[in-house]
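Visitor: fold the stuff below for me.
(one chain, ligands or ions: 1)
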Amino acid sequence: MIEIINLKKSYSKNEVLNISNLKIESNQCLGIMGQNGSGKTTLSEIIMGSKKQSSGEIKLEIENISKNAVFQECQFEPDLSLKSIVKFYKGLFKSKEDTDELFKRFDLENLKRKRFNRLSGGQKQKFKLLVAFINRPNLLLLDELTTSLDYVWREKIHKIIIDYVKNNPTTVLLVSHDVNEIAKICNRVILLDNGSIVNDLNLTDDFKKNLDILEKEVVYATDN
Ligand SMILES: Nc1ncnc2c1ncn2[C@@H]1O[C@H](COP(=O)(O)OP(=O)(O)OP(=O)(O)O)[C@@H](O)[C@H]1O
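Guide: Numbering: from 1, shown residues only. Alright, predicted model coming up:
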């Protein structure tokens, strides 16, 4: 379980996040939606510990916690081959993961010797997720994961994540602007507006059949 109490974040005197209470059950896939600048990345980075809050408390009660994240901006040493990057992270995490299988899963076997900065946008995105799996995280942040992926790979990545979560107890934070993606992967979604949670929805199967309702909730929550 992750519990957030009276969390605030300001830059200079500008408050960008103000969340009085949020509980995220373990092994839950939480979608985080909201307009540009509403605080999604700030909230998820604070939960992951890569950014510090101005005040408030975050309790991370996850057994044997292993974290990882995929961000738009995350980059790797541009001149290293994918194989070398994976070797580096495998060593860093002291991981026993079968990385050949990971290369296969993401259809990147033929690019092992290529440098990261020579990959296309979509290939980079797939590779970032491959690296995020090396330490078998049980807390995983995916921030705009499928931006720059084609339709086929977007679907494949959704399946890879759903299968991973089925086989490994994981708390997933999925930041996305895509209602379909959220509905496919998450069982709950929070909507942020101006740094506050303005809606918190359980994504039941019935709800998922009526995605236009979710779309309306997103528009309503952020227009009012
Ligand atoms: N380093 C920073 N310094 C000053 N302001 C910042 C900084 N990082 C973020 N902000 C501000 O905090 C607010 C929330 O930004 P954040 O990146 O969390 O939004 P977001 O919902 O993830 O947006 P997007 O959908 O555009 O990625 C914005 O107003 C942004 O300008």
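Visitor: so how far is D212 from D205?
Guide: For D205, the distance to D212 equals 16 Å [CB to CB, to the nearest Å]. For glycine as for every other residue, the C-beta is placed from the backbone atoms N, C-alpha and C.
Visitor: likewise for C186?
Guide: Note on C186: its distance to D212, by CB to CB, is 17 Å.
Visitor: between those two, which is the more surrounded one?
Guide: Each of C186 and D212 has its neighbours counted (other CB atoms under 10 Å); C186 has more, 23 against 8.
Visitor: how close does that one get to L92?
Guide: Distance from C186 to L92, by CB to CB: 29 Å.
Visitor: go on, N64?
Guide: Counting by CB to CB, the gap from N64 to L92 is 17 Å.
Visitor: these two: who's more crowded?
Guide: When neighbours are counted by other CB under 10 Å, N64 and L92 differ, and L92 comes out ahead with 10 against 5.
Visitor: count of residues packed around E25?
Guide: E25, neighbours per other CB under 10 Å, totals 11.
Visitor: shouldn't it be in contact with E3?
Guide: No: between E25 and E3 there is no contact under CB atoms under 8 Å: 10.2 Å.
Visitor: what do these two both touch?
Guide: Contact criterion CB atoms under 8 Å, 6 or more residues apart in numbering; residues shared by E25 and E3: none found.
Visitor: mind checking pLDDT for the residue nearest to the spatial centre of the chain?
Guide: For the chain, the residue nearest the mean C-alpha position is L142 (1.5 Å; CA atoms, centre = their mean). pLDDT for L142: 95.
Visitor: now swap in M33 and tell me
Guide: pLDDT, M33: 94.
Visitor: tell me if whatever helix or strand it lives in is near the ligand.
Guide: According to DSSP states H and E, M33 maps onto strand 29-34. Yes: on the criterion CB under 6 Å from any ligand atom, strand 29-34 is in touch with the ligand at G34.
Visitor: mind giving me the packing neighbours of that strand?
Guide: helix 40-48, strand 171-175, helix 179-185, strand 188-193, helix 211-223 (3 or more CB pairs under 8 Å, 6 or more residues apart in numbering; DSSP states H and E).
Visitor: that one versus helix 40-48: what angle between them?
Guide: Using axes from the mean of the first three to the mean of the last three CA atoms, to 10 degrees, the direction of strand 29-34 lies 140 degrees away from that of helix 40-48.
Visitor: residues from the chain in reach of the ligand?
Guide: Residues of the chain lying near the ligand (CB under 6 Å from any ligand atom): 11, 16, 34, 36-42.
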